[in-house]
Every structure is written in C-alpha cells, then in structure tokens.
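**Q** below is the sequence, then the predicted model.
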Amino acid sequence: MRFFWRNSDFPLLSHDDWLERIDVKNRRQGTSAPTLATSWAGPLDLLGALATVPELAGITLNSVTPEAKASFDAHGGNVRNHDLVLRGTTLLGDSVVVCVEAKAGETLGDPVAMQRRRAEQAKEAKPDSKALARLDDLLDRFCRYPGDDPRTKALYYQLLTGWAGTLTDAASADHAVFAVHEFRTDQRPDDKTFANRVQLDRFADAVLGCELPAVTPPWCVRVPAVKGLDAKLYLAHLITDLRRERLQGV
C-alpha cells in the first residue's frame, strides 16, 4: 500500500507531506481537504516509516487489529495489549507483523526501578502475585546489564513488555516491527516526544544492543536478531502532528 499525490509520479510519505501540498485556499481546519488528510494520517505515517526500510516499502496490509493480546511468559494474569497489530506481506511475498505502541503526550510507562517497588509491594500484599517474577524474567531474558545497574533501573517497563509481545508475534512472521507511534494534539500540549526518544535510545542500548539513527522521525531500522527467532526484527518511531497550528499553519 502506497500513497501518491495526484498520480504515481508524486509519492506521499507522511501526513505533513500531504498537508503541505494542499492549496492554501483549502487549508481551513474542518473543511474537506485537511480533514481527509487527517483521517488517513495514521496509516500514511506508519507506512511512511516502514518505507524507510526498502524491504518493507509497499507492503500489502491484510489485517489490522486494535487491542490485540500477546502472552509472552508462563506467569498468566496480565498479558501484553498491543494498541494495534498490523499483518501483511512485502512485495516479495514475505509476511510482516507490526506491533504498535501509541502515545499522545504520554510517557512510555514507568522505569524498571519504580516497577520493581510496585511489584515488591504487590508481593507483600498478595504472596501469589506474579508481578515480581514477570519483571525478573523479562530482565533476565532481554537486558544486557545486571538488575542493579543504573542503565537497567532507568529502562521503561512498557518498552520491555512491548518488545516481549512483539517477539511473540514474530514467531509467525518473516519480518516483525515494534513501532512507537506518537501523536501531538491540542488536548495534550505537554509534548513528550523528545523525552520518549531518550527512552528509546536507552532501550536500544540496554536491550537491543545497537544505536538508533540520529534523525528526526519517521524512521524504521533493522535491529540485532534474537536467538531462536528467524524473523528479521525492526524498531520504528513516528510522530503524527494533529495540533490545530499544524493543520492550519502549513
């Protein structure tokens, strides 16, 4: 699936790209042209991010599932709830799964140090709580540093569970993407996108064992393989700006 402006000679790679091509006289918020662009903003920006990797450009989407669940350990109870899971195929026929974590002016959860305190309190209140065991298992499975290392304590727990859920879904795909899709809105004026990028860099260091591109989103990058999985793995970051000033001030 690809987007074009007027004909196939002019590809559209992002919501911003679409807005900038709208005639000035048609840009007033709430009218048809910017409203149509905004209604398609999410798919356009996500596919544009994936297209920064040649293998994932022009994928065909077969299904989109909001709030898809993924079990990643044997502890039962809560499982990973992906905000969105997309499944499709590449131009070469390979299967692709994209697991999306959506944020709108929100952080990527709490740091591991805080999650541990909560899990320990839960264990004291309810001895059969599995929260602490789940956290320790995630760290043992993914983290490159000891549990008491500052780099581990500063990791954001939601990234760990999101990655674990993505790897669960990766077992049935040739390509698997963990995508953090952020939205800037008037209702959430305190922009967290820069702080969340810092957390993604920490995650890449402590868990993935790689560096992320020093570029403004959207991007999608191949990350190191995980033992026991054949799928090619990727991390993507994209931002969709839905603020009034962006929609009208193009």
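**A** Okay, I see it.

**Q** give me the contact list for the helix or strand of the chain with the lowest mean pLDDT.
**A** Within the chain, judged by mean pLDDT, DSSP states H and E, the helix or strand with the poorest mean is helix 244-248; its value is a mean of 71. For helix 244-248, the surrounding residues in contact (CB atoms under 8 Å, 6 or more residues apart in numbering) are 16, 19, 27-29, 34, 38, 184, 186. C-beta coordinates here come from the backbone N, C-alpha and C atoms, glycine included.

**Q** reformat those as JSON lines; add neighbour count, pLDDT and distance to Ala171.
**A** As requested, these are exported to JSON lines (neighbours: other CB atoms under 10 Å; pLDDT from 0 to 100; distance: CB to CB, whole Å):
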{"residue": "Asp16", "neighbour count": "20", "pLDDT": "90", "distance to Ala171": "35"}
{"residue": "Leu19", "neighbour count": "20", "pLDDT": "89", "distance to Ala171": "39"}
{"residue": "Arg27", "neighbour count": "17", "pLDDT": "81", "distance to Ala171": "46"}
{"residue": "Arg28", "neighbour count": "13", "pLDDT": "83", "distance to Ala171": "48"}
{"residue": "Gln29", "neighbour count": "13", "pLDDT": "80", "distance to Ala171": "44"}
{"residue": "Pro34", "neighbour count": "20", "pLDDT": "88", "distance to Ala171": "41"}
{"residue": "Thr38", "neighbour count": "18", "pLDDT": "90", "distance to Ala171": "35"}
{"residue": "Arg184", "neighbour count": "18", "pLDDT": "92", "distance to Ala171": "34"}
{"residue": "Asp186", "neighbour count": "11", "pLDDT": "89", "distance to Ala171": "40"}
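
**Q** hmm, which two among those are most spread apart?
**A** Arg28 and Arg184 (19.8 Å; CB to CB).

**Q** which residue ranges of this structure form strands?
**A** Listed in chain order, the strands of the chain (DSSP state E) span residues 3-4, 11-12, 60-70, 80-89, 95-103, 175-184, 219-223, 232-241.

**Q** got the CA coordinates for the third one in CSV?
**A** In CSV, the C-alpha atoms belonging to strand 60-70 read as follows (Å, rounded to 0.1, in the frame of the first residue of the first chain):
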residue,chain,number,x,y,z
THR,A,60,0.1,-5.1,1.4
LEU,A,61,-1.9,-5.0,4.6
ASN,A,62,-4.2,-8.0,5.2
SER,A,63,-5.5,-7.2,8.7
VAL,A,64,-5.5,-4.5,11.4
THR,A,65,-6.4,-5.5,15.0
PRO,A,66,-6.7,-2.9,17.8
GLU,A,67,-6.0,-4.1,21.4
ALA,A,68,-4.5,-7.4,20.3
LYS,A,69,-3.2,-9.5,23.1
ALA,A,70,0.1,-11.4,23.3
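
**Q** name the residues of that strand that come out as buried.
**A** Along strand 60-70, these residues count as buried under the neighbour rule (16 or more other CB atoms under 10 Å): 68, 70.

**Q** what's it in contact with?
**A** When contacts are defined by CB under 8 Å, 6+ apart, strand 60-70 is touched by residues 1, 79-89, 99, 164-166, 168-169.

**Q** give the contact list for Tyr234.
**A** Taking CB under 8 Å, 6+ apart as the contact definition, Tyr234 lies against 53, 56, 175-178, 220-223.

**Q** again, only using 7 Å
**A** 53, 175, 177, 220-223 (CB atoms under 7 Å, 6 or more residues apart in numbering).

**Q** so what's the nearest residue to it once chain neighbours are set aside bridging to?
**A** Nearest non-adjacent residue to Tyr234, counting by CB to CB, 6 or more residues apart in numbering: Val177, 4.4 Å away. Following DSSP bridges, Val177 is listed with bridge partners Val98, Tyr234.

**Q** before we move on, back to that, dump the contacts of helix 244-248 into TSV; add distance to Ser95 as well.
**A** What follows is these, written out as TSV (distance: CB to CB, whole Å):
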residue	distance to Ser95
Asp16	30
Leu19	33
Arg27	40
Arg28	43
Gln29	39
Pro34	35
Thr38	30
Arg184	32
Asp186	38
